[in-house]
Structures are given as structure tokens and as C-alpha cells.
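Q: A structural model of the following input is requested.
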Amino acid sequence: MKILQLFKKLWPYLLQYKSKLIFGFLCIIISNLLNIINPKIVSKAIDYFQGDIKIGRLLTYAGALIAVTIVFGFFRFLTRRTVIVVSRLIENDMRNDLFAKLQSLSSTFYQQNNTGDIMARLTNDLNAVRSVLGPGLMYTVNTIATFIFVIIMMLTINPLLTLMAMIPVPLMVVAVNYFNRQINKTYTAVQDQYAAISTKAQENLAGIRIVKSYVLEKLELDSFNLLNKDYIKKNMRYVKYNAAYRPTMMLIVGIGIAIILLFGGRMIINDVITLGEYVAFNLYLGMLVFPSIALGWVMGIFYQGVASMNRLDYILRAESDIADESANKIDALLISGEIECKNLSFTYPTAEEPALQNINLKVARGEIIAVVGRTGAGKSTLMQLLTRIFEPEDATLLLDGRDIKKIPLKQLREHIGYIPQDTFLFSDTIRNNIAFGVADADQEKIEWAARIAQIHDSILELPDGYDTILGERGINLSGGQKQRMSIARAILKEPKILLLDDALSAVDTITEEAILNDLKNIMINKTCFWVSHRISSIKNADHIIVLDQGKIVEEGTHEELLMQNGIYADLFEKQQLEESLSLTE
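A: Numbering: from 1, shown residues only. The predicted structure follows:
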């Protein structure tokens, strides 16, 4: 039943290559038809030995055996050339579908699933499913065809002897069922443990600097070794059942051969069958040995595939909690950047307390809105709702008078430049990192964005300039350089709305002031949300809101907020004091 469900899930992929598969299965049938000819030839040759022997006749038999074997080998080659290739093509299709699915899922999915586990599904599990479609499918069809053709040929020699040969079959069915259940259970445990190892390795490699700075290499190595030891134990359980399977099947087949030897010998003595027929019968029985063993091996592949497909299906069936409610295209020229929050509240899926509560705010096109507040006040949450990384409630967040949820995601994000706190750069050239959001950007435009972000001169100082390859997550750049690269990336899009989520925290005040002056010039008639802990940076904003525990507790201009003598004034006073102390040191 589980195997049927597996093929039901894979059916759409199989249909795409139905002509290739039909041809491959036809080649399997032809090769098996050719394969049953040789024992017949051997039977005739052995019986011929009992009379007058002529060399020419023997050469005819030998030539026939060689010719049949060559043609058989050709069709067996075509079988592998089609069925195995189809399995690789479907693997490619599934990998693309899985990657596309992962690209479409929201942040909630990645908060609930480890990167290492996802990678394990895309590698080990996908390979297990590919094995079902390649060797699994090919050997299944081959086994069925072999059993049908060989048993028919055995029946033509002697039905009673064939019946005797089938005596061990019930025992074989019991063995197959037992071992497959155990293999499926132990293989699932192995895959889950492999995912845990992948997650551990990924986290350690990503956080290697933290591990080294805390001198925890030995502790992490010991932890990794424990996971590996558990992986070995689970693998050993799996290997024990897998290793016991083949000898068990060989033993059952051996029982069948012993029965044939006993009864077949008597039939020869009693002239019920000829010696040639007996040899042919044993050759046919020998043809069933490998398919019988392969049947168990294939069933193991199928059950591994069932376990792996369930893990892949978890990704394929995952639903994003953020989706387009409307497919209506909105002209880019109509997006001006006017934003309004109407009693906007938001609670994270895993949280109990709301991150934002009853936010009411109206932002005109071209305004610079600064957002300040203590850590955890909800500043980043507001930025993420504006980009729909998380989904706001209906009609609580409007863009140009439209519910932001009614605007297609692609179009919305095309016109927003978002620079998050956690800067991410790809292991690619600096040029490609800056031009990440604009595929057709020329060098002149890229350099323009880099100059605005005050990173152009630093890039030219690198060995290969804009062609310098960055390490993982931009590890060969400083924190300030990475932030400025992200700013250049966002600027290059020339967005209608620019969101800076504490994007200049690692930049010195002089460079920050230069960047902000240039940003003001290029963001004329464009809306800008500006989150910062540095009040000196945002004091010239058109409007400032102060968040505390998810609520707007103060708002106004810099001067108005200072006069209120509240949280904003307190933050400003403390920062002024810190700056004074740093100057005196």
C-alpha cells in the first residue's frame, strides 16, 4: 500500500517520460524473451551428444548461443540506457521543483526547520527516490518478466517438477515481508540521524568564528562524535537486516535447487525427462536466483524510497502562510509610496505576546520616517510587515490606499529596497552581489550605487576590484563594508520605498553622514523608513516614531520629541553622554 502511494506521488513525473519508459520496458521484455532461448539451445545440444556427433552441428549450436547472447546484451544495454537515464531526468526535475518550492516558502517555514535537515532531504532522500525510479523500477519489471517467461518454459518441460520448485515460495514471501519492514524502519532512523549530523555540521561551519572565539572546538567535536556514533549504531542495525537478507534468500533458493536435484534425478532415471531437459530446467531455475534476490533488494529500495519520499513530500506539500490574493497586475507608475497603518497589530506564530499593537501611522510619498526604540520594541517587525516577510492582518497595512495583501508579492518587492539588520552576501563577485536585484545592471550603474554607499574606494583597493570573489556570507569584508554593500544593492534597484533596518550600525559616524546626505538626494519623492539606534543619524527625519513594547508611545520631529522629555529624550541624552565620554578618552 505504501509503495502504491509512493508511485502515486511520482506519477506526474513518470508521465513526462512515458515514451522513454515504454521503450525501456519493451527492451526488458525482448531481452528476457531472448534470455530463455539459450537454455533451450543447451538442452538440444546435450541431447544431441547422446547420438552421432558432427562438428558442424555443434558449431551451429555454439553460434546460436553467441548470437542470442549478443542480441540479448544489446537490448539489456538499451534498457539501462533508457530507464536509468529517465530516473536521472526525473531526479533533476524533482530537485528543481524542491528548490522552487523552498524559494516560495515564507520565513515561518525556515524558523521551524533546520538548514541541515533541509539539505539532507535534498541530497540523501532525493537520491533514495531516484534509486526507486532507476534500479528499483528496472529490476521490478525485469523480475516480473523473468518469472513469467521462465516459469512458462519450466512448465513446458515438466509441470510436476515446476510445482516442486515452487515449494519454497511461501517461505520467500514471509522472509521478504519481514526484512522489508525492518529495513524501512531502520532506514528511516538512519535518514533522521543523518539530518541531525548535517544540521550540526552546517551550524558549526556557519558559526566557526564563534566556536573558535569561545575555544569550544573540543566540546563541539565531542558533540559531533556522539551524533556520529549514534549514526553508526543506527546504520549497523540497518546493515544487519540488509546483510542478512541476501543469504536468507540464497538459502531458500538453495532449498528449491535441492528439491529439484532429488526429484529431477529420479525423473531422468525413469525417462520422464531427458538429461538435456533437466539441465535446461536447472538453467531456468538458476535464472530465477538473481531476480529472487533482486526482488528483496528492490523491495528494500522501495521502502527506503517510501521513507525518503515522505520526507521530500513534507517540503512539496508545505504551504506558505504568505500568498498572493490577487493576480491583478498593478502598473509600477501607480505605486507612489504612500503608506498607512490602521490599528496594525502582529504576533509571531511561536510567540504569546504581540510584537506590534494598534499601530496607527500615515506616511506621505517622499517622507523620511525614522523609527527608534529599545531592543525588542518591534522596529524590525514593522519593516518585515512592509515587505510581507510576515503577513499583516487584512486592511491594517495600506500602500497607496490598497491593502498591501492585495498587491502581488513580486511587484511589491520589486519596488521596495530592504536592508535588514542581518546582512547577507553571496559567495560571488562583488559586482554580482551589488547587482543581485538588477540582472541587467551595467558597470557604470553599479559603481554609481557603490559611490552612494561609500564603498567604491574600498572595492578598488581589493586585489580584483569589482571582480573580487567574496567568501561565505562575505567573510573577507568588515561589518561596515558588508552593510555598505547591502546599501549599494538596495540603491541600485532605485526603489519607490527604501527600508533601512539599522543598516548603518557598523559604519562610523562620518561615513554614515555622507551616505545619508547622498540618500536624501536620490530618495526625493520616494518614501524612506529608517530604523536606527543612533539618534544623531535620524534627527533630520521628517517624522520620528518611538516604539516601546510594540506600541507607538511618542511621535513628532526631533525638536518636538525632545520637548516631550520621554523615552526619545532619555535615549538622546544617554547617547550624547556616551559620545562626550568617548571624545575625552
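Q: in what helix or strand does L126 lie?
A: Here L126, judged by DSSP states H and E, is contained in helix 126-131.
Q: contacting residues around the helix or strand following that helix?
A: Next in sequence after helix 126-131, counting helices and strands by DSSP H and E, comes helix 137-157. By C-beta atoms under 8 Å, 6 or more residues apart in numbering, the surrounding residues in contact with helix 137-157 are 21, 24-25, 28-29, 32-33, 35-36, 39-40, 79-80, 83-84, 87, 161-162, 165, 273, 277, 280-281, 284-285, 287-288, 291, 294-295, 297-298. Just so you know, the C-beta spots here come from the backbone N, C-alpha and C atoms, and that holds for glycine as well.
Q: now with 6 Å?
A: 25, 28-29, 32, 36, 83, 162, 277, 281, 284, 287-288, 291, 294-295, 298 (C-beta atoms under 6 Å, 6 or more residues apart in numbering).
Q: now swap in stretch 175-194 and tell me
A: Here stretch 175-194 makes contact (C-beta under 6 Å, 6+ apart) with 120, 124, 230-231, 234-235, 237-238, 241, 245, 248, 296, 299-300, 303-304, 307.
Q: cool, stretch 542-554 as well?
A: 354-357, 359, 367-373, 377-379, 555, 561, 564, 566-568.
Q: Just the CA trace of it, in PDB.
A: C-alpha atoms of stretch 542-554 as PDB (Å, rounded to 0.1, in the frame of the first residue of the first chain):
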ATOM      1  CA  ASP A 542      10.500  64.400   8.500                       C
ATOM      2  CA  HIS A 543       8.800  62.400  11.200                       C
ATOM      3  CA  ILE A 544      10.000  60.200  14.100                       C
ATOM      4  CA  ILE A 545       8.100  57.500  15.900                       C
ATOM      5  CA  VAL A 546       9.200  55.900  19.100                       C
ATOM      6  CA  LEU A 547       8.200  52.300  19.700                       C
ATOM      7  CA  ASP A 548       8.000  50.600  23.100                       C
ATOM      8  CA  GLN A 549       6.600  47.100  23.700                       C
ATOM      9  CA  GLY A 550       5.100  47.200  20.200                       C
ATOM     10  CA  LYS A 551       3.200  50.500  20.600                       C
ATOM     11  CA  ILE A 552       3.900  54.000  19.300                       C
ATOM     12  CA  VAL A 553       4.500  55.900  22.600                       C
ATOM     13  CA  GLU A 554       5.900  59.100  21.100                       C
END
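Q: mind listing what's buried in the helix holding L126?
A: Within helix 126-131, the residues that qualify as buried are L126, A128, V129, R130, S131, counting by 16 or more other C-beta atoms under 10 Å.
Q: what's the answer for stretch 363-379, then?
A: For stretch 363-379, burial by neighbour count (16+ other C-beta under 10 Å) applies to V363, E367, I368, I369, A370, V371, V372, G373, A377, G378, K379.
Q: pLDDT wise, what is the fifth one at?
A: This means A370. Per-residue pLDDT puts A370 at 89.
Q: and it, which of the three is it?
A: Three-state call for A370 (DSSP: H, G, I helix; E, B strand; the rest coil): strand.
Q: just checking, it touches A541?
A: Yes. The pair A370 / A541 is scored as a contact, 3.7 Å apart, by C-beta atoms under 6 Å.
Q: if we can go back for a sec, could you work out the most separated pair of the buried residues of stretch 363-379?
A: The distance between the two most remote of the buried residues of stretch 363-379 (C-beta to C-beta) is 20.8 Å, for E367 and A377.
Q: so where do the strands sit in the stretch 401-550 of the chain?
A: Taking DSSP state E, counting those that start in this stretch as the criterion, the stretch 401-550 of the chain carries its strands at 402-403, 416-419, 497-501, 527-531, 543-548.
Q: Can you check which of the ones you listed gets nearest to I487?
A: Of all the strands of the stretch 401-550 of the chain, strand 416-419 sits nearest to I487, with 5.8 Å by C-beta to C-beta.
Q: isn't I273 right next to L160, touching?
A: No. I273 is beyond contact range of L160, at 10.0 Å (criterion: C-beta under 6 Å).
Q: quick one: which of the two has more around it?
A: More crowded of I273 and L160, by other C-beta atoms under 10 Å: I273, with 19 against 12.
Q: quick one: low-confidence ranges for the chain?
A: For the chain, applying pLDDT under 70 flags the ranges 1, 51-53, 296, 324-333, 579-585.
Q: Where does the record place the domain boundaries for it?
A: What automatic domain parsing lists as the domains of the chain is 2-316, 330-415+497-513+526-585, 422-494.
Q: Select, out of those, the one closest to A323.
A: Across the domains of the chain, closest to A323 is domain 330-415+497-513+526-585 (C-beta to C-beta), at 7.9 Å.
Q: buried stuff in stretch 76-87?
A: Across stretch 76-87, burial judged by 16+ other C-beta under 10 Å covers R76, L78, T79, T82, V83, I84, V86, S87.
Q: next one: phi and psi at F424?
A: Per-residue torsions, F424: phi -130, psi 130 (degrees, to the nearest 10).
Q: Helices of the stretch 201-350 of the chain, start to end?
A: 208-213, 217-269, 275-287, 289-316 (DSSP state H, counting those that start in this stretch).
Q: who wins for proximity to D442 among those?
A: Once the helices of the stretch 201-350 of the chain are compared by C-beta to C-beta, helix 208-213 is nearest, at 35.6 Å.
Q: Pull the residues that contact the closest one.
A: E220.
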